[in-house]
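K.L.:
kindly return the folded structure for what I paste below:
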Amino acid sequence: MLWTDGACSRQSDPLFRRAGWGLFYAPGHENNSGGPCGGLEQTNQRGETEAIHESLRRAGGAGSRPVQINSDSAYCVGRFAILQSREGVCVATWDPADLWAQIQELPRRAEAAWLLYR
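P.N.:
Prediction:
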């Protein structure tokens, strides 16, 4: 079980805003991590989505246990539910489309469970 979060400083200024992501498992856990978001589009939504992408990417290979991802982003949880319910979903209009396309291709995506928290 892990918690994800994303954030963006100076959100209203497109020239100076910077987004970041974080993963939290437990106090002092070796897999707690975070970092700046890549890409030109630096938004809070990118931070939230990057955290989810990283959590799934790091979830492990074949034989790993299913992962429960906790997120405070209703947008991300809702989009992920759409990906889980149908094959071939077009994510080109989703924000950020590049990260959702990568998430769509991850092999562990089908084994993730979601819980929205506030």
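K.L.:
pLDDT score for Y117?
P.N.:
Y117 is assigned 69 on the pLDDT scale.
K.L.:
please disregard the earlier target; I meant E111.
P.N.:
pLDDT, E111: 69.
K.L.:
again, but for G38
P.N.:
According to the prediction, G38 has pLDDT 90.
K.L.:
can you offset everything so residue one is 27?
P.N.:
Noted, 27 is the first residue going forward, which turns the last one into G64.
K.L.:
that one looks like it's in a strand, true?
P.N.:
No: remark: G64 does not belong to a strand; assigned using DSSP: H, G, I helix; E, B strand; the rest coil, it is coil.
K.L.:
Q128 versus that one, what's the distance?
P.N.:
11 Å (CB to CB, to the nearest Å). Just so you know, the C-beta spots here come from the backbone N, C-alpha and C atoms, and that holds for glycine as well.
K.L.:
quick one: which of these two has more around it?
P.N.:
The neighbour comparison of G64 against Q128 (other CB atoms under 10 Å) goes to Q128, with 16 against 12.
K.L.:
you'd agree that one is up against E80?
P.N.:
No: with contact defined as CB atoms under 8 Å, Q128 does not count as touching E80 (10.5 Å).
K.L.:
CA atoms only: put stretch 42-52 into PDB for me.
P.N.:
Extracted C-alpha coordinates of stretch 42-52, given in PDB (Å, rounded to 0.1, in the frame of the first residue of the first chain):
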ATOM      1  CA  PHE A  42       8.300  29.900 -13.500                       C
ATOM      2  CA  ARG A  43       6.000  27.100 -12.300                       C
ATOM      3  CA  ARG A  44       7.600  23.800 -11.300                       C
ATOM      4  CA  ALA A  45       5.900  20.500 -10.600                       C
ATOM      5  CA  GLY A  46       7.000  17.600  -8.500                       C
ATOM      6  CA  TRP A  47       5.700  14.100  -7.400                       C
ATOM      7  CA  GLY A  48       6.000  12.000  -4.300                       C
ATOM      8  CA  LEU A  49       5.500   8.400  -3.100                       C
ATOM      9  CA  PHE A  50       5.000   7.500   0.600                       C
ATOM     10  CA  TYR A  51       4.900   3.900   1.900                       C
ATOM     11  CA  ALA A  52       5.500   4.400   5.600                       C
END
